[in-house]
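Trainee: here are the coordinates; sequence isn't available:
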């Protein structure tokens with residue numbers, strides 16, 4: 001049977017289809033033009049790769065309010081809802097991301113170069129990292145921290161990807177078809193803690209642990225705020241009560257994912273028990289840690305004046321499921337400082353088995369050739385990084401080789417003292 005076509009319906013369908021196409025074309029064209037107009041062209045001052053963070057005006061204002069509060073109190077306290085949506089432009093690619101302010105002390109937020117934590121959406125990465133921080137190079141000791149991580153990884157110890165970028169912040173104005181753009185200069189880029197860090201260090205999938213420090217920073221914020229209100233000031237940055245490991249709980253990164261995975265959950269229980277027994281002096285460090293790697297890490301951290309990274313609340317741990325031992329992850333050394341005195345790894349000074357490994361590690365890094373070889377291995381990269389960094393930080397200690405050699409003398413005296421005590 002033939003069906004008679006309705007001309008009116010056909011005409012209506014055709015009209016609606018055309019209208020839909022026109023709307024789609026207009027939207028696409030408008031979005032393209034809008035994107036071009038909103039993000040201005042940038043002019044770089046260095047040879048570093050650029051990173052651009054694009055924020056809507058309302059999200060920028062939220063970040064700025066958080067920053068102003070931190071400057072008032074003296075401490076930045078972060079929460080999960082501090083993150084705001086953003087676009088990140090790197091190497092001519094645009095990435096969807098979430099960003100927030102980063103850093104414990106308000107010095108991370110002074111001036112125009114604010115520190116940020118960045119989480120890219122999905123599985124996309126920049127330089128192999130999905131989660132990373134950008135901060136003022138001085139926060140970690142300029143090129144000293146870069147060389148520190150090279151030395152760490154050269155010895156087979158777990159470390160972070162660490163590099164430098166030229167940073168730009170774009171604020172998309174609500175009432176105008178444009179953005180305010182600020183070149184904030186050179187940023188240091190530092191990897192954060194997730195599975196990609198483990199993979200990059202050529203370890204088996206596992207978990208990364210730390211000691212909780214939230215209570216410490218909350219108390220510090222209260223102390224600093226009270227000091228400013230009363231005009232009494234604060235004599236010490238840290239509240240020593242909350243800086244002790246006995247007051248801290250062992251936890252892990254990506255804890256919810258770990259607890260939802262039977263294998264990782266088992267690893268977490270085992271590693272947490274090991275660290276708790278060490279914390280409570282029921283086990284020695286040589287029974288819990290890979291002492292060869294831990295001794296090397298301790299020696300290199302002291303060589304670079306990175307005792308900040310040996311402070312308890314800055315320690316980060318990897319549980320190796322193959323050896324069933326804990327390994328240190330080098331983090332936040334604040335390298336390039338003169339070492340006042342040798343600093344031991346957490347709970348390590350009384351363990352004679354560990355001390356023997358420490359002596360071997362110190363013997364190696366105390367050799368004058370150790371620093372010479374390190375500089376030779378990375379000479380080309382250091383020269384290139386140093387040239388651009390000196391343009392912005394003209395009178396700063398970009399690379400403190402003389403201080404490293406002074407620190408070697410402290411390490412040498414420590415080694416000789418340990419040998420005498422061990423009667424070696």
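Mentor: Perfect, thanks for sending it. Predicted model only: the values in this text are computed from it and were never measured.
Trainee: please make it C-alpha for all contacts and neighbour counts, starting now.
Mentor: Will do.
Trainee: let me see the ranges of the helices in the stretch 1-150 of the chain.
Mentor: Per DSSP state H, counting those that start in this stretch, the stretch 1-150 of the chain carries helices over the ranges 7-38, 57-73, 143-154.
Trainee: which of those has the lowest mean pLDDT?
Mentor: The weakest mean pLDDT among the helices of the stretch 1-150 of the chain belongs to helix 7-38, with a mean of 46.
Trainee: now residue 165: which helix or strand?
Mentor: Assigned by DSSP states H and E, residue 165 belongs to strand 162-172.
Trainee: next: residue 189.
Mentor: strand 179-191.
Trainee: name the helices or strands packed onto that strand?
Mentor: strand 131-135, strand 162-172, helix 379-392 (3 or more C-alpha pairs under 8 Å, 6 or more residues apart in numbering; DSSP states H and E).
Trainee: would you mark the buried spots in it?
Mentor: 179, 181, 183-191 (16 or more other C-alpha atoms under 10 Å).
Trainee: how about stretch 204-213?
Mentor: 205-213.
Trainee: now, those residues that are in strands?
Mentor: Among these, the subset assigned to strands under DSSP state E consists of 207-211.
Trainee: all helices for the stretch 301-424 of the chain, in order.
Mentor: 352-366, 368-377, 379-392, 401-422.
Trainee: pull the distance from the third one to the chain's centre.
Mentor: This points to helix 379-392. 22 Å (C-alpha atoms, centre = their mean, to the nearest Å).
Trainee: what does it contact?
Mentor: Taking contacts as C-alpha atoms under 8 Å, 6 or more residues apart in numbering, the residues outside helix 379-392 that touch it are 46-48, 143, 185-186, 398.
Trainee: of the residues you listed, grab the buried ones for PyMOL.
Mentor: With 16+ other C-alpha under 10 Å as the criterion, this PyMOL line picks the buried residues out of those:
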select buried, resi 46+48+143+185+186+398
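Trainee: closest one of the contacts of helix 379-392 to residue 416?
Mentor: Nearest to residue 416 among those: residue 143, at 30.1 Å, using C-alpha to C-alpha.
Trainee: contacting residues for the closest one?
Mentor: 137, 382, 385-386, 398-399.
Trainee: now the two most distant members of these.
Mentor: Distance extremes for the contacts of residue 143: the farthest pair is 137 and 382 at 14.5 Å, using C-alpha to C-alpha.
Trainee: who has more neighbours out of those two?
Mentor: residue 137 (23 against 16; other C-alpha atoms under 10 Å).
Trainee: I'd say the more buried one and residue 167 touch.
Mentor: No. Counting by C-alpha atoms under 8 Å, residue 137 does not reach residue 167; the two are 11.8 Å apart.
Trainee: domains for the chain, by residue range?
Mentor: 50-135+160-196, 203-213+248-422 (automatic domain parsing).
Trainee: just put the buried residues of strand 179-191 in CSV and tack on distance to residue 285 and pLDDT.
Mentor: Below are these laid out as CSV (distance: C-alpha to C-alpha, whole Å; pLDDT from 0 to 100):
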residue, distance to residue 285, pLDDT
179, 54, 88
181, 51, 94
183, 47, 96
184, 44, 96
185, 43, 96
186, 40, 97
187, 37, 97
188, 33, 97
189, 32, 98
190, 28, 98
191, 27, 98
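Trainee: wait, which of those is closest to residue 268?
Mentor: residue 191 (22.1 Å).
Trainee: show me where the stretch 201-350 of the chain has its strands.
Mentor: 207-211, 250-252, 316-320, 325-329 (DSSP state E, counting those that start in this stretch).
Trainee: residue 59 is nearest to which of the ones you listed?
Mentor: strand 250-252 (29.4 Å).
Trainee: need the residues that contact stretch 113-130.
Mentor: 90, 95-103, 108-109, 131-136, 184-185, 187, 191, 196-197.
Trainee: can you check stretch 194-202 too?
Mentor: By C-alpha under 8 Å, 6+ apart, the residues outside stretch 194-202 that reach it are 128-129, 131, 153, 158-161, 191, 204-208, 253-254.
Trainee: any idea which of those residues is the one closest to residue 265?
Mentor: Residue 265 lies nearest to residue 207 out of the contacts of stretch 194-202, by C-alpha to C-alpha, at 9.2 Å.
Trainee: tell me which residues form a beta bridge with that closest one?
Mentor: Judged by DSSP bridges, the bridge partners of residue 207 are residue 319.
Trainee: quick one: which two of the buried residues of strand 179-191 are the most distant?
Mentor: Of all pairs in those, the most separated under C-alpha to C-alpha is 179 and 191 at 28.7 Å.
Trainee: can you list the low-confidence ranges for the stretch 51-200 of the chain?
Mentor: 105-106 (pLDDT under 70).
Trainee: sorry, back to before: pLDDT and distance to residue 290 added to the buried residues of stretch 204-213, as TSV?
Mentor: Compiled in TSV, the buried residues of stretch 204-213 are given as follows (pLDDT from 0 to 100; distance: C-alpha to C-alpha, whole Å):
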residue	pLDDT	distance to residue 290
205	95	17
206	95	15
207	97	15
208	98	15
209	97	15
210	94	16
211	90	18
212	84	22
213	64	24
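Trainee: make TSV from those residues and add distance to residue 376 to it.
Mentor: As requested, the buried residues of stretch 204-213 are arranged in TSV below (distance: C-alpha to C-alpha, whole Å):
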residue	distance to residue 376
205	33
206	34
207	35
208	33
209	34
210	34
211	37
212	39
213	39
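Trainee: check these and tell me the two furthest apart.
Mentor: 205 and 213 (25.1 Å).
Trainee: ok, the residue lying closest to residue 403 once chain neighbours are set aside - how many residues close by?
Mentor: In space, and not counting its chain neighbours, residue 403 is closest to residue 338: 5.7 Å by C-alpha to C-alpha, 6 or more residues apart in numbering. As a burial measure, residue 338 scores 20 neighbours (other C-alpha under 10 Å).
Trainee: would you check that residue 338 makes contact with residue 405?
Mentor: No. Judged on C-alpha under 8 Å, residue 338 makes no contact with residue 405 at a distance of 9.6 Å.
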